[in-house]
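Asker: Give me a model of this one.
(chains A and B)
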Amino acid sequence: MSWIVTICLVSALSSGIYFAQQAIDAKSASLPEAEERLYLSSGHLLKKLALGHSGILADIYWMRAVQYYGTKRVKGSRDFPLLGDLIEIATILDPHLLEAYRFGAIFLSEPDWGARQPERAVKILLRGAESNPEHWQLLRDLGFVYYWYLRDYQKAAEVFLQGSKNATAPVWMRTFAADLLARGGSRASARFLWQELYETTQDERMRKNALENLIKLAAEEDLETLQSLVDRLAQKSGRSVHSLNELVSAGLLKSYPLDPKGFPYTLEAAAGKVVLSEESTVRR
Amino acid sequence: MKVLSIARNTFKECVRDKVLYNLVVFAILIIISSLLLGGITIGDVEQIIVNLGLSTLSIFGTLISIFIGIQLVYKEIDRKTIYSLLSKPVSRAEFIIGKFLGLSWTLAVNVAVMLAGIYGAILYLRHSVELGDFQILLAGLVILVELMLVIAIALFFSTFSTPALSALFTFCLYVLGHFNPDIRHFAAYSSSSSVRALCGVLYYVVPNFGNFGLISATAHGKPLAKQLYLYSFSYGLLYSAIVLVLAIVIFQKRNFK
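Answerer: Numbering: from 1, shown residues only, chains lettered A, B, ... in the order given. Next up, the predicted model:
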């Protein structure tokens, strides 16, 4: 067969394949999505079946967890039924896969953009801390989950104290534990923890998350301050305040208040409550 | 010298059979991983590259050891070249050892090139190679010893069985070898003394492939005791020697008329 005939034949067949694939993709789009399922959900069984290659299998499952989470987020879904299992399998296959514990705990715990399963995150982090006693960061993360997502300040303090016993752990973990026991869920404690996370983490995504939460805390503080100013003005003038401009006119503020992302705060005149504007991208 | 001639010919045969083409697949895998992994996962990409590289080395190497190993003796019998070979002043023991060394040599080249590929990927990602990366070389050598054991087992079965059965037996023993620690755990929980005794014997008789499982620790950069490498090498080489001796004994008794 000559080269020209070969090229023409291969080109013709390739075009056929291209159009056939397009047709299949178009038809497949109308098919119902397959039910999400993990056929092998036991990490211990997978470890046996891996025949000594549990490390790479753990990496594959972790990659799968990251892609699963990312795909769901892009589609705007708020349910992640398989996420906990995928992270658990990855950490059983490789008990030293620190990223799976640390990022996995955040993905599982977050109420706004995560799986809203902080208890599962606790279970995974406890196992991680047991398998990696030299990594105080896992206990820091566990303490954080108890503190921020579960609001269990007693447990958080216990965990921070336990983590502080590691010779390489930072000093603040011990003092923070004491502070937690004394002041519980104060905003100052929360700000300290997120700031610490922001400054020490290497991963850009974690830093961004920490920054968003710091901004949220700053906005909460602003809202409290503005609310007290509104209440004070209402009491002084004997009537309800209808707009935050009145605070500027009364000399209580120099200019119209903006949130940390530059969006104006709003006053709900009916309720007399200061809130973030609807357009604001500050986390609620 | 005869052993080395047979080994050299076996190596050339393997190269002629395009065994080393698996390196092309490996190279593509490593290159694609180095370029894409950072975008599809969170964490240490180097760790994944080392895991992927060493696991691929082990898996490809095992498949080559089994599927080429079972053919080493069978091909000579099938082509009837065994008669001319054994009519020369070459003992059957030299024949078996030469075949073993030839395929081991092929796999050593395979391992060397793959290790170079892994180091190349690390260099691309990190722009430097550190002293701690020497562990990867040691892990590669341990895998090579593991592969030599698989070759010896495949060769053993091929001295008296068909290629299909030899492949099946070798694969089954390879899988069983990975469950070896479970045999000992089972013995610990058994109430029967005879079961405990049997399991105790089986634990030492069945080759323990778990002894060569250093890939994960290497990927995490965890320092391992030098003695562990030494014991793994010794275990693999001693076990291979025993299996080869048994293969030679069976081959010597075999009648080709």
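
Asker: Name the residues of the lowest-mean-pLDDT helix or strand in chain A that are buried.
Answerer: Sorting the helices and strands of chain A by mean pLDDT, DSSP states H and E puts helix A:172-183 at the bottom, at a mean of 80. For helix A:172-183, the neighbour count (16 or more other CB atoms under 10 Å in any protein chain shown) marks A:173, A:176-177, A:179-180 as buried. In short, each C-beta sits where N, CA and C put it, glycine included.

Asker: Which of those sits closest to chain B?
Answerer: residue A:173 (24.0 Å; CB to the nearest CB).

Asker: Apart from its chain neighbours, what residue comes closest to the closest one?
Answerer: residue A:164 (3.9 Å; CB to CB, 6 or more residues apart in numbering or on different chains).

Asker: burial count for residue B:209?
Answerer: Residue B:209: 23 surrounding residues under other CB atoms under 10 Å in any protein chain shown.

Asker: follow-up on the earlier one: and which of the buried residues of helix A:172-183 is nearest residue A:21?
Answerer: residue A:173 (55.8 Å; CB to CB).

Asker: Assess the claim that the closest one and residue A:162 are in contact.
Answerer: No: in this structure, residue A:173 is not within contact of residue A:162 by CB atoms under 8 Å, at 9.1 Å.

Asker: got a list of what the closest residue to residue A:131 other than its chain neighbours touches?
Answerer: Excluding its sequence neighbours, the residue lying closest to residue A:131 (CB to CB, 6+ apart) is residue A:95, at 3.7 Å. Taking CB atoms under 8 Å, 6 or more residues apart in numbering or on different chains as the contact definition, residue A:95 lies against A:127-128, A:131-132.

Asker: out of these, which is most surrounded?
Answerer: residue A:128 (25 neighbours).

Asker: pretty sure it is in contact with residue A:91, am I right?
Answerer: Yes: counting by CB under 8 Å, residue A:91 is a contact partner of residue A:128 at 6.4 Å.

Asker: Spit out the residues that contact these two alike.
Answerer: Common neighbours of residue A:128 and residue A:91 (CB under 8 Å, 6+ apart) are residue A:101.

Asker: Ramachandran angles for residue A:275?
Answerer: phi -140, psi 170 (degrees, to the nearest 10).

Asker: Can you tell me who it pairs with across the strands?
Answerer: Beta bridges link residue A:275 to residue A:266, judged by DSSP bridges.

Asker: what number of residues lie near it?
Answerer: 15.

Asker: That one: what's it in contact with?
Answerer: Taking CB under 8 Å, 6+ apart as the test, what residue A:275 contacts is A:223, A:265-268.

Asker: any idea which of these is closest to chain B?
Answerer: For the contacts of residue A:275, the nearest to chain B is residue A:223 (33.1 Å; CB to the nearest CB).

Asker: thought the closest one was touching residue A:268?
Answerer: No: in this structure residue A:223 lies outside contact range of residue A:268 using CB under 8 Å: 11.7 Å.

Asker: And the two? Which one has more around it.
Answerer: residue A:223 (18 against 9).

Asker: any idea which helix or strand comes after the strand or helix carrying the more buried one?
Answerer: For residue A:223, the host element (DSSP states H and E) is helix A:204-237. For helix A:204-237, the succeeding helix or strand toward the C-terminus, using DSSP H and E, is helix A:245-249.

Asker: Quick one: name the residues of chain A near chain B.
Answerer: Residues of chain A lying close to chain B (CB under 8 Å from any CB of the partner chain) are A:48, A:51-56, A:58-59, A:62-63, A:66-67, A:94, A:96-100, A:103, A:203, A:205.

Asker: just the buried members of these?
Answerer: A:51-56, A:58-59, A:62-63, A:66, A:94, A:96-100, A:103.

Asker: Inside helices: which ones of the residues you listed?
Answerer: A:54-56, A:58-59, A:62-63, A:66, A:98-100, A:103 (DSSP state H).

Asker: Output the residues you listed in JSON lines; the columns should cover pLDDT.
Answerer: What follows is those, written out as JSON lines (pLDDT from 0 to 100):
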{"residue": "A:54", "pLDDT": "93"}
{"residue": "A:55", "pLDDT": "93"}
{"residue": "A:56", "pLDDT": "92"}
{"residue": "A:58", "pLDDT": "94"}
{"residue": "A:59", "pLDDT": "93"}
{"residue": "A:62", "pLDDT": "94"}
{"residue": "A:63", "pLDDT": "93"}
{"residue": "A:66", "pLDDT": "92"}
{"residue": "A:98", "pLDDT": "93"}
{"residue": "A:99", "pLDDT": "92"}
{"residue": "A:100", "pLDDT": "94"}
{"residue": "A:103", "pLDDT": "91"}
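
Asker: Apart from its neighbours in sequence, what residue is nearest the residue at minimal distance from the centre of chain B?
Answerer: Nearest to the geometric centre of chain B sits residue B:147, at 0.8 Å (CA atoms, centre = their mean). Spatially, and ignoring its direct neighbours in sequence, residue B:147 is nearest to residue B:61 (4.4 Å; CB to CB, 6+ apart).

Asker: Now do the same contact list for the one you found.
Answerer: B:107, B:110-111, B:143-144, B:147, B:150.

Asker: do the same with residue B:45
Answerer: Contacts of residue B:45 (CB under 8 Å, 6+ apart): B:34, B:37-38, B:125.

Asker: Check residue A:89 too.
Answerer: A:38, A:41-43, A:46, A:58, A:61.

Asker: Neighbour-wise, give me the winner out of these.
Answerer: residue A:58 (28 neighbours).

Asker: Quick check: that one vs residue B:161, distance?
Answerer: 36 Å (CB to CB, to the nearest Å).

Asker: Kindly report the same for residue A:134.
Answerer: When residue A:134 is compared with residue B:161 (using CB to CB), they lie 50 Å apart.

Asker: neighbour-wise, which of the two wins?
Answerer: residue B:161 (18 against 9).

Asker: residue in the stretch 101-250 of chain A nearest to chain B?
Answerer: Closest point on the stretch 101-250 of chain A to chain B, by CB to the nearest CB, is residue A:103, at 5.3 Å.

Asker: what does the stretch 151-257 of chain B have sitting close to chain A?
Answerer: B:174-175, B:178-179, B:182, B:209-210, B:212-213, B:215-216, B:219-220, B:222.

Asker: Tell me who's in contact with residue B:181.
Answerer: B:208, B:210.

Asker: Show me how the record splits chain A into domains.
Answerer: Split into domains by automatic domain parsing, chain A comes to A:43-184, A:226-275.

Asker: Tell me which of these sits nearest to residue B:115.
Answerer: So among those, domain A:43-184 is nearest, using CB to CB, at 16.3 Å.

Asker: what about residue 30, which helix or strand?
Answerer: Went with chain A since none was named. Residue A:30 belongs to no helix or strand, assigned by DSSP H and E.

Asker: Chain B was what I was after
Answerer: helix B:22-40.

Asker: what about that helix and chain A, touching?
Answerer: Yes: Helix B:22-40 lies within reach of chain A by CB under 8 Å from any CB, at B:37, B:40.

Asker: Give the buried residues for the next helix or strand after that helix.
Answerer: Proceeding N to C from helix B:22-40, the next assigned helix or strand is helix B:45-69, under DSSP H and E. Across helix B:45-69, burial judged by 16+ other CB under 10 Å covers B:45-58, B:60-62, B:64-69.

Asker: got a list of what residue B:153 touches?
Answerer: Contacts of residue B:153 by CB under 8 Å, 6+ apart are B:69, B:170, B:173-174, B:207, B:243.

Asker: In helices, which of those fall?
Answerer: Short answer: those in helices (DSSP H) are B:69, B:170, B:173-174, B:243.

Asker: of all those residues, which comes closest to chain A?
Answerer: residue B:174 (7.6 Å).

Asker: one step back: nearest to chain A among the contacts of residue B:61?
Answerer: Once CB to the nearest CB is applied, the member of the contacts of residue B:61 that ends up nearest chain A is residue B:143, at 9.9 Å.
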